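Engineer: mind folding the following:
(4 chains)
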4 protein chains.
Amino acid sequence: MKKRVAVVGATGIAGQQFLVALDHHPWFEVSLLAASERSAGKSYGEAIRDAKTGARRWWCQGEPPLSVLSLPVYDASSLNLSGIDLVFSAVESDVAREIEPLYAKTTPVISTASAFRSEPDVPVFIPGVNLDHARLLEVQKRKRGWQGFLATQPNCTAIGLAITLKPLLEQFGLTTVLMTSMQGVSGAGRSPGVIALDILDNIIPFIVGEEEKVEKETQKILGVFSEGSIIPAAFSVSATCTRAAVLEGHTEAVFAALARPCSVEDVRAAMIAFGRDFLSLGLPSAPKHMIIVHDDPFRPQPRLDRDAEDGMATSVGRLRKDHALENGVKYVLVSHNTKMGAAKGAVLMAEYLLQAGYI
Amino acid sequence: MKKRVAVVGATGIAGQQFLVALDHHPWFEVSLLAASERSAGKSYGEAIRDAKTGARRWWCQGEPPLSVLSLPVYDASSLNLSGIDLVFSAVESDVAREIEPLYAKTTPVISTASAFRSEPDVPVFIPGVNLDHARLLEVQKRKRGWQGFLATQPNCTAIGLAITLKPLLEQFGLTTVLMTSMQGVSGAGRSPGVIALDILDNIIPFIVGEEEKVEKETQKILGVFSEGSIIPAAFSVSATCTRAAVLEGHTEAVFAALARPCSVEDVRAAMIAFGRDFLSLGLPSAPKHMIIVHDDPFRPQPRLDRDAEDGMATSVGRLRKDHALENGVKYVLVSHNTKMGAAKGAVLMAEYLLQAGYI
Amino acid sequence: MKKRVAVVGATGIAGQQFLVALDHHPWFEVSLLAASERSAGKSYGEAIRDAKTGARRWWCQGEPPLSVLSLPVYDASSLNLSGIDLVFSAVESDVAREIEPLYAKTTPVISTASAFRSEPDVPVFIPGVNLDHARLLEVQKRKRGWQGFLATQPNCTAIGLAITLKPLLEQFGLTTVLMTSMQGVSGAGRSPGVIALDILDNIIPFIVGEEEKVEKETQKILGVFSEGSIIPAAFSVSATCTRAAVLEGHTEAVFAALARPCSVEDVRAAMIAFGRDFLSLGLPSAPKHMIIVHDDPFRPQPRLDRDAEDGMATSVGRLRKDHALENGVKYVLVSHNTKMGAAKGAVLMAEYLLQAGYI
Amino acid sequence: MKKRVAVVGATGIAGQQFLVALDHHPWFEVSLLAASERSAGKSYGEAIRDAKTGARRWWCQGEPPLSVLSLPVYDASSLNLSGIDLVFSAVESDVAREIEPLYAKTTPVISTASAFRSEPDVPVFIPGVNLDHARLLEVQKRKRGWQGFLATQPNCTAIGLAITLKPLLEQFGLTTVLMTSMQGVSGAGRSPGVIALDILDNIIPFIVGEEEKVEKETQKILGVFSEGSIIPAAFSVSATCTRAAVLEGHTEAVFAALARPCSVEDVRAAMIAFGRDFLSLGLPSAPKHMIIVHDDPFRPQPRLDRDAEDGMATSVGRLRKDHALENGVKYVLVSHNTKMGAAKGAVLMAEYLLQAGYI
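Structural biologist: Below you'll find the model as predicted:
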């Protein structure tokens, strides 16, 4: 028997990515769709059709899954979750702040919104990196008196960074991390998203709130769960986040000072080996490798590498010594911001939490 | 009486930028054009016309200066420089290695090629930053027995970095600099340059040889001229250089550790004040400001800011504390790689060297 | 004494283009700014600053004219026009429909909005093409009892088409015109404009309402003023309008069947000669040529040619026989959609109407 | 037993697309690779590795098929074809002119080069459109005394046009076709292909030789095989071919005058029904539909639709009456220029010719 899941924010681009990630899923079945009041009462097929022009507002590659086109869309602000085993929430942060606690009273919620990520009892998960933080969910349920829970997917730029830093932290220790991102426009969504007039032939050197999220979430994700709370990792993180004329895929240039000297070859081996135990669980949405390391110096490139292992592997290249930092290494990574970095990463998290007995 | 100048490599994109930078110049007159054997014997207008399609191979904005269209083009490998006061060389590095020393025997040469930049007796100039290094030209002439000399323009990515670091170095000292660049495609020229198939919807994380140039040239430019040679600056520099889908303008995200604590406001003031003495010389191609500092966090952007003060000012923004480095600051800069970063910067250098009596 | 003009919709991108086109204008002085209620009561400088991020919402090249930064912004829906000689309206069509008739009761209005273009007593002008249609303004004033009037700027895609067809119509007659446009994203404005996610690595084959405007306005502009009304031109026009990843400049591939046989050289000569009488008026915003004809088959290109004669000349190339249509010719044109095609074209129209005594 | 095939030009981008199209093919096995002298003697894996930078010169999505990496590469100019059943030739036209006749003496050759397409005894095939032209191969073999033959794939822009015109020609007749293309940069290959400096923020209005190919090949493909030769179709075709900032996929805006009046609905039905007999053959590389017709007016778009049915279906949209032409219809099509338009289309042709007994 598949678990019955709700997708909230189902008409937006992030919600549509959930519908794609859940299409023909072996463990989950999309049973309930919710969106804003404007869409409520329509079938999903109607809700994503523009009445005036006849255009279909579907923004993922390929066609919408047939199975959802006839499902009714409900109002997210007054949702009846009886019979639902799990909610995937893909709403904007201000909406999330209001509705996610209501859902979590009765039902497990996995969210891609940033609203609650900085709360001490809300874990920020990356499958394969910090799943021991799941134990924070027990603290959360107890503290808040919820039958469900709220687990969050990190910021899409923090994900690739945290995945690639984890093996370095484990094996060599970290003292300082400096990162410059060149982020794809899909990360900004579509309301209004990034305007072509702003990004063609251009780089935009600022993304509101992004650097703070990357810095804090990376430390939280790589922190230690101890006595009911997360102690953030002690290394310092500094980010400059920019937007580039790239559709999908975040590229990050990382400079890292390690706690102990090591060779580039050691770092390379640590990255390649990373995540074997987690991957051996064989979860349906997991990639074959957490990290792919390229020797070709022209890789990774977002267009060529974002879809590696269906967008679930992080690609690393240009791994080399950094002589400006103590025990320094530097590298470039590419990570798919709307697959591992959003909906499909959240589905992978759900798979783990289900297998581990949290759902 | 204007000085008579030769432009070598005149049919290439870098050479054309010299023709634009020298059009109606108050001090210099383009008197001699040289290019490869293929163009020799034609008028400039013929040399840049594709015989098969009728297309004109002119790649700068606007039309070619009328005054050069009828000039004959000579073979760069066997050039007669009698009557020429100064040579601007815009050839590729392998060609530069062969022909520039021949020219310099008799005539001052200012080159945008990288061939000789690392030689101990060849200065790498940025107008307004290290013009005291001009004294190395005397060492060079003596050592090589040249009547002319060879002065070089830095790598186009090093220029914006060195200009913005100079006031920091002077006022606060520097210990460590980490920089990630997002470079425009014009930096790669056109033979073959960057292919659209490679850069549309993409970032390329590697530019052959670029990082080494940026690191070494920045230290050389900011070094001290002492007892006949340059002692490179002692701070460490680490660069990751990438290519973005931007036509012109290099964007650089800089993290710098200063030697002494200081406020962001101090750094801002140092940048704004930088270069006043040099600018007061009133050289024809000089900008009004060496550095423009933006408070709008969405600036600088290459498309909006590359042409600031006709491409001769470096634009800085997002200036803020960096908490990962000791006494850290971080900022983003935009610099025009084919104006201040190439031909027009070289013309500005020539203006200084003329005024200072070297030409 | 300069005429005192109001710019309505002054905070939007189209309004900002008016401020640029009117900066230091010899005949007009910007004396009144209006925008939506949200901006009313602020200075212009405040109105275009984002309170949250500090970003400046100014979307034209360069800085806003200093003279307008301190002007107060008034509410466009309740504007006092006493002392104002002329209103430039740059609002959206639904707003235009409400406010422009109110303004025109007392004051001449020149609008870039499409709201009234199809009304029989409202002329759709292109300076140099159909200024005899100005006589329709007298009909309009009489019929509507207005002291002012309403004159409209055509759709930005119709402008280049009508300009290049006019000499063909005059000299050879026209029977059929088929046109495919590849339009720049600036034509869609910024609210929300074209999303980067939609146009990067893409062509969008539809622009709502555009083809009908191009077809009808071209016939109206090239029609004959007779007995108090415009008789649309009799040739048929068919358009397919697409959006391309181009910032500014509309490119149009035109196939035209002429009424009489003629050589390509005749067509070329007719285009080059077109507009001499109008241009001899020496209006301040007029280009030197209405049409520039390129022989280089790779021209015109929007990036290279949109700014020809400050965006006021239409560039034509690839002029050649078309063997599929009777007496067919085909060509490609580039026209600047936000200069001749919008604000600056409207200012040129105002210059003519002032000189001709309508204002 | 699979047929043994050679791929000539295997290191270029077009050749690599053949390797992808033939990977795990049920009927063909890549047994021989050839390229220029420079690559001869190396393994394929070595031949596509840049010795200086370590970069891999592989330009298709994903990794090269493992099975070819260790195959030796031979010199295309002196190739031994014994044991080879079929040659796929992906070389440039000037090379094709020399080597393809040599191959065809002994072996069937299917080529994507344009060198021989206009020769009267060389068929230009589109699978599903004009396979009866295969009978020209018998004429060719007899006339030239070849044991093999030479069959050619059309120009990549002609393919989508001819596919969509065929049902119109069959059911309603055609008198005039006017087409404007907006072509992807992959059509220009990589040597040097389209330079980013030329196409970013731009449209290039000319592609050397393209319009003549489109016009003539469309008439040849849609012509009638009669008494040993092809009588070109009698309708007139006029094309304007432009290049856009699109990676893959050619977009074409078509205006067509039909011989008989018909409704848009009739045209739509004819397109949807087209090719059923051919598709019922079930060839391995065939799409499920020759033409997909979209009702959403914003489709087809090259980025969204080029990969429809693995790049083998042609997508049509914006189908509507054209009132400027007699019995006019107009529409926009998208076709994948390097799948149906090149290697994979050639493989589909091979499948048909094998099944029909020509190979």
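Engineer: only C-alpha atoms for contact and neighbour calcs from this point on.
Structural biologist: Fine.
Engineer: where does residue A:128 land in three-state SS?
Structural biologist: What DSSP: H, G, I helix; E, B strand; the rest coil gives for residue A:128 is coil.
Engineer: so what's the residue count around it?
Structural biologist: Here the number of neighbours of residue A:128 (other C-alpha atoms under 10 Å in any protein chain shown) works out to 20.
Engineer: doesn't residue A:278 make contact with it?
Structural biologist: Yes. Between residue A:128 and residue A:278 a contact is recorded at 5.3 Å, counting by C-alpha atoms under 8 Å.
Engineer: what is in contact with those two at once?
Structural biologist: Counting by C-alpha atoms under 8 Å, 6 or more residues apart in numbering or on different chains, residue A:128 and residue A:278 have no shared contacts at all.
Engineer: now do the SS call for the closest residue to chain B within the stretch 51-200 of chain A.
Structural biologist: Distance from chain B to each residue of the stretch 51-200 of chain A (C-alpha to the nearest C-alpha) is smallest for residue A:176, at 6.1 Å. Under three-state DSSP, residue A:176 falls in the strand class.
Engineer: give the buried residues for the helix or strand containing residue A:212.
Structural biologist: Following DSSP states H and E, the helix or strand that holds residue A:212 is helix A:210-221. Buried residues in helix A:210-221, counted by 16 or more other C-alpha atoms under 10 Å in any protein chain shown: A:210-211, A:213-221.
Engineer: now residue A:293, nearest residue through space, not along the chain?
Structural biologist: With sequence-adjacent residues excluded and distances taken as C-alpha to C-alpha, 6 or more residues apart in numbering or on different chains, residue A:293 is closest to residue A:316, at 4.8 Å.
Engineer: actually residue A:350, sorry about that
Structural biologist: Excluding its sequence neighbours, the residue lying closest to residue A:350 (C-alpha to C-alpha, 6+ apart) is residue A:110, at 7.4 Å.
Engineer: now the residue nearest to residue A:293: how far from residue A:180?
Structural biologist: Residue A:316 is 15 Å from residue A:180, where distance means C-alpha to C-alpha, to the nearest Å.
Engineer: what's the neighbour count on the nearest residue to residue A:274 once chain neighbours are set aside?
Structural biologist: On the basis of C-alpha to C-alpha, 6+ apart, the spatially nearest residue to residue A:274 that is not a chain neighbour turns out to be residue A:167, at 6.0 Å. Neighbourhood size, residue A:167 [other C-alpha under 10 Å]: 21.
Engineer: is residue A:167 in contact with residue A:268, as I believe?
Structural biologist: No. Look at residue A:167 against residue A:268 with C-alpha under 8 Å: they stay out of range, at 9.8 Å.
Engineer: what's the mean pLDDT across stretch A:62-71?
Structural biologist: Averaging pLDDT along stretch A:62-71 yields 93.
Engineer: could I get it in PDB with only the CA atoms?
Structural biologist: Coordinates of each C-alpha in stretch A:62-71 appear next as PDB, following Å, rounded to 0.1, in the frame of the first residue of the first chain:
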ATOM      1  CA  GLY A  62       7.600  17.200 -20.600                       C
ATOM      2  CA  GLU A  63       3.900  16.900 -19.900                       C
ATOM      3  CA  PRO A  64       2.200  17.000 -16.600                       C
ATOM      4  CA  PRO A  65       1.600  13.500 -15.100                       C
ATOM      5  CA  LEU A  66      -1.800  12.300 -16.500                       C
ATOM      6  CA  SER A  67      -2.800  11.100 -13.000                       C
ATOM      7  CA  VAL A  68      -3.000  14.600 -11.500                       C
ATOM      8  CA  LEU A  69      -4.800  16.400 -14.300                       C
ATOM      9  CA  SER A  70      -8.200  15.500 -13.100                       C
ATOM     10  CA  LEU A  71      -7.500  15.800  -9.400                       C
END
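Engineer: residue A:357: neighbouring residues, count only.
Structural biologist: For residue A:357, the neighbour count with other C-alpha under 10 Å is 8.
Engineer: tell me the confidence at it?
Structural biologist: Looking at residue A:357, its pLDDT is 95.
Engineer: element containing it, please.
Structural biologist: Using DSSP H and E, no helix or strand contains residue A:357.
Engineer: how about residue A:198?
Structural biologist: Assigned by DSSP H and E, residue A:198 belongs to helix A:196-199.
Engineer: could you check how many residues crowd around the residue nearest to residue A:68 when sequence neighbours are not counted?
Structural biologist: Of all residues not flanking residue A:68 in the chain, residue A:44 sits nearest, at 6.6 Å (C-alpha to C-alpha, 6+ apart). A count of nearby residues for residue A:44, using other C-alpha under 10 Å, gives 23.
Engineer: show me the contacts for residue A:48.
Structural biologist: Going by C-alpha under 8 Å, 6+ apart, the list of residues near residue A:48 reads A:11, A:56-58.
Engineer: quick one: average pLDDT of the helix holding residue A:212?
Structural biologist: On average, the pLDDT along helix A:210-221 is 98.
Engineer: hmm, it in reach of chain B?
Structural biologist: No. Helix A:210-221 does not reach chain B (C-alpha under 8 Å from any C-alpha of the partner chain); its nearest approach is 10.2 Å.
Engineer: excluding chain neighbours, what is closest to the residue of the stretch 1-150 of chain A found nearest chain D?
Structural biologist: Closest residue of the stretch 1-150 of chain A to chain D, C-alpha to the nearest C-alpha: residue A:55 (4.8 Å). Once flanking residues are discounted, residue A:55 sits nearest to residue D:296: 4.8 Å by C-alpha to C-alpha, 6+ apart.
Engineer: thought residue A:261 was touching residue A:323?
Structural biologist: No. Using C-alpha under 8 Å, residue A:261 makes no contact with residue A:323, being 11.9 Å away.
Engineer: what comes into contact with the biggest helix by length in chain A?
Structural biologist: If you go by DSSP state H, chain A has its longest helix at helix A:156-172. Identification of contacts with helix A:156-172 by C-alpha under 8 Å, 6+ apart yields A:126, A:129, A:174, A:181, A:183, A:187, A:213-215, A:217-218, A:221-222, A:250, A:252, A:258-262, A:267, A:270-271, A:274, A:290-291, A:314, A:333-335, A:337-338, A:340-342.
Engineer: need the buried residues of helix A:210-221 in a markdown table with distance to chain D, can you?
Structural biologist: Supplementary listing: the buried residues of helix A:210-221 in a markdown table, determined by distance: C-alpha to the nearest C-alpha, whole Å:
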| residue | distance to chain D |
| --- | --- |
| A:210 | 28 |
| A:211 | 29 |
| A:213 | 32 |
| A:214 | 30 |
| A:215 | 33 |
| A:216 | 35 |
| A:217 | 32 |
| A:218 | 30 |
| A:219 | 34 |
| A:220 | 35 |
| A:221 | 31 |
